[in-house]
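**Q** got a structure for you, letters missing:
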């Protein structure tokens, strides 16, 4: 005699309200009860005129998805997929029963952002602040003055007076000497100058030392082509940069 199969009794969550099956103290549930969704509905439905055609989506659904997308840093596709799997997200957007199909196509969110415009997004922000006040998360005095951080990151721009550029120019010939092609390039420059500095006419030798100088600086998009390179003695190179700066 074979073993009997156990029959599991599943509750039909589609027949009973979602709030009967979830934790009502979940942060999203409490936040949903604090937001004035009616105010968002008024702003969101204002651009639409009554008439024949397909009815518009519930503004709370769109606003809720935008909230969730911003809170969890999700893409349009990710927030719609997450909504389908998370009953708390469904309650947050106003659903009363478990839904098993996507509420909208993800591309609809981008169109709704344009429809809401600046006024709609400001209303979403205002309701977020009001909900925070009701939850005693922030004090009313905290929003009376807004502090804006104007600190900006400097662009990666090198100036001719930057001493780091001179150090890079000294490192450049060292790298060139490590390859045959680099040594040939240095020899070509030295022969073109007839072994002398084109600025002070001093002989360029091992005793004087030398640096590679860019006629058009790198900061001004000067390249490493032979026509833009010169061999200068160390002292002349320093004096040249100090004079031009």
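**A** Yep, that arrived. Remember, predicted model here, so these are calculated numbers, not experimental data.
**Q** which regions of this structure lie under the pLDDT threshold?
**A** In the predicted model of the chain, residues 1-15, 46-55, 152-181, 244-245 satisfy pLDDT under 70.
**Q** Show me where it has its helices.
**A** Remark: helices assigned in the chain by DSSP state H are 27-34, 37-45, 59-72, 76-85, 87-92, 107-134, 163-177, 180-192, 234-244.
**Q** any chance of these in a markdown table, with distance to residue 148 and mean neighbour count too?
**A** For the C-beta atoms, the positions are set from N, CA and C on the backbone; glycine is no exception. A markdown table is the format used below for the helices of the chain (distance: least, C-beta to C-beta, whole Å; neighbours: other C-beta atoms under 10 Å):
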| stretch | distance to residue 148 | mean neighbour count |
| --- | --- | --- |
| helix 27-34 | 26 | 16 |
| helix 37-45 | 25 | 16 |
| helix 59-72 | 20 | 20 |
| helix 76-85 | 29 | 16 |
| helix 87-92 | 30 | 21 |
| helix 107-134 | 15 | 14 |
| helix 163-177 | 32 | 14 |
| helix 180-192 | 51 | 13 |
| helix 234-244 | 39 | 15 |
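**Q** Quick one: those as CSV, columns for distance to residue 227 too.
**A** Converted to CSV, the helices of the chain look like this (distance: least, C-beta to C-beta, whole Å):
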stretch, distance to residue 227
helix 27-34, 66
helix 37-45, 64
helix 59-72, 54
helix 76-85, 52
helix 87-92, 64
helix 107-134, 51
helix 163-177, 16
helix 180-192, 10
helix 234-244, 18
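**Q** Out of the ones you listed, flag the one nearest residue 202.
**A** Closest approach to residue 202 among the helices of the chain is made by helix 234-244 (6.3 Å; C-beta to C-beta).
**Q** Contact partners for the residue minimising distance to the centre of the chain?
**A** The chain has residue 73 as the residue nearest its centroid, 10.8 Å off, counting by C-alpha atoms, centre = their mean. For residue 73, the contact set (C-beta atoms under 8 Å, 6 or more residues apart in numbering) is empty.
**Q** can we see that at 10 Å?
**A** residue 79 (C-beta atoms under 10 Å, 6 or more residues apart in numbering).
**Q** hmm, back to that, so which of the helices of the chain is nearest residue 200?
**A** Closest approach to residue 200 among the helices of the chain is made by helix 234-244 (4.9 Å; C-beta to C-beta).
**Q** From the chain's centre, how far out is stretch 75-91? Work that out for me.
**A** 23 Å (C-alpha atoms, centre = their mean, to the nearest Å).
**Q** Any idea how far apart the tips of stretch 76-94 sit?
**A** 19 Å (C-alpha to C-alpha, to the nearest Å).
**Q** cool, stretch 207-224 as well?
**A** End-to-end for stretch 207-224, by C-alpha to C-alpha: 25 Å.
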